[in-house]
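Enquirer: My questions are about this predicted structure, shown below with the sequence.
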Amino acid sequence: MTDRRMTVVGGLCFVVGALAFVLVFAYLAVNFDYPAVLDGEPADVMLRLRDGGSTMRTIWAIYAFLPLLLVPGAVGAQVACPSSRGRMTLALVLAAMGSLAMCLGLMRWPSIHWTLAEAYARSAPDARSSLETIFGGLNLYLGTYVGEFLGETCLAAFFVLTGFSMLDERRFPAWLGWFGIAFGLTFLIGAFRNAVPALQAVADINNTLLPAWMLLLGGAFVWHAGRDKHGRAPGEAPPPLTHDPNQ
């Protein structure tokens, strides 16, 4: 696959991922009160999860695999920024790590959380406290530490590094790179919300900005994929040489 096609594919992965994220997030917000439900009691959360039926489980499964689109997107970003190979190699590794961490965090819902919810509904009252403890522990480990903190810090670092690399490419407008750096830093700050509750407001804003930035970034890769390192579109003539009278 040529570099141009890989850049386009990467951009399309960002666009598709952003649109799918909005749709899935909207469904869970309406039908599961997500993400506010995460602050609820384990008993209530498990029963609501089970009451959602196979549709709820399927939506969670789709949600769990969406972060994988970040990997081909990051490959496209690396190809689109040839002037920063070393920096973008690190960015690609961080995007892959963040994608895997987010997958692991979200995958608990249609798998082990779903199994716990079914067991909870059938269990006697004296056995439910153990299931609630397991549910809470998995939320803390896979959800808070792996999915949210590790996943989001790696993704934030990817956005920052990509922003700096885009500044070195004449095919991209400078404001796009600076916007990516600013958003990446904001996303990084929001990842510490569980340690500093006051940062929850930043994380809430990031939930809105993330799909918007992925759409903008993906669209930029698709639009500028055919431009050369000087920022010229295919078939565009180079600027005329100016004559220096002093020569």
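Expert: Ah, there it is.
Enquirer: now for the helix or strand harbouring residue 79, which elements pack on it?
Expert: Assigned by DSSP states H and E, residue 79 belongs to helix 70-80. When contacts are defined as 3 or more Cβ pairs under 8 Å, 6 or more residues apart in numbering; DSSP states H and E, helix 70-80 packs onto helix 3-32, helix 85-107, helix 151-167, helix 200-224. Where you see a C-beta, it was placed from the backbone N, CA and C, and this is true even at glycine.
Enquirer: Output these as JSON lines; include the columns distance to residue 56 and mean neighbour count.
Expert: Putting those into JSON lines (distance: least, Cβ to Cβ, whole Å; neighbours: other Cβ atoms under 10 Å) gives the following:
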{"stretch": "helix 3-32", "distance to residue 56": "7", "mean neighbour count": "18"}
{"stretch": "helix 85-107", "distance to residue 56": "13", "mean neighbour count": "19"}
{"stretch": "helix 151-167", "distance to residue 56": "22", "mean neighbour count": "23"}
{"stretch": "helix 200-224", "distance to residue 56": "20", "mean neighbour count": "18"}
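Enquirer: Is it possible to get CSV of those that adds mean pLDDT and distance to residue 74?
Expert: Shown next, in CSV, are those (pLDDT from 0 to 100; distance: least, Cβ to Cβ, whole Å):
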stretch, mean pLDDT, distance to residue 74
helix 3-32, 95, 7
helix 85-107, 97, 4
helix 151-167, 97, 6
helix 200-224, 94, 11
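Enquirer: In TSV: those, plus distance to residue 76.
Expert: Formatted as TSV, the helices and strands packed on helix 70-80 follow (distance: least, Cβ to Cβ, whole Å):
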stretch	distance to residue 76
helix 3-32	1
helix 85-107	10
helix 151-167	10
helix 200-224	6
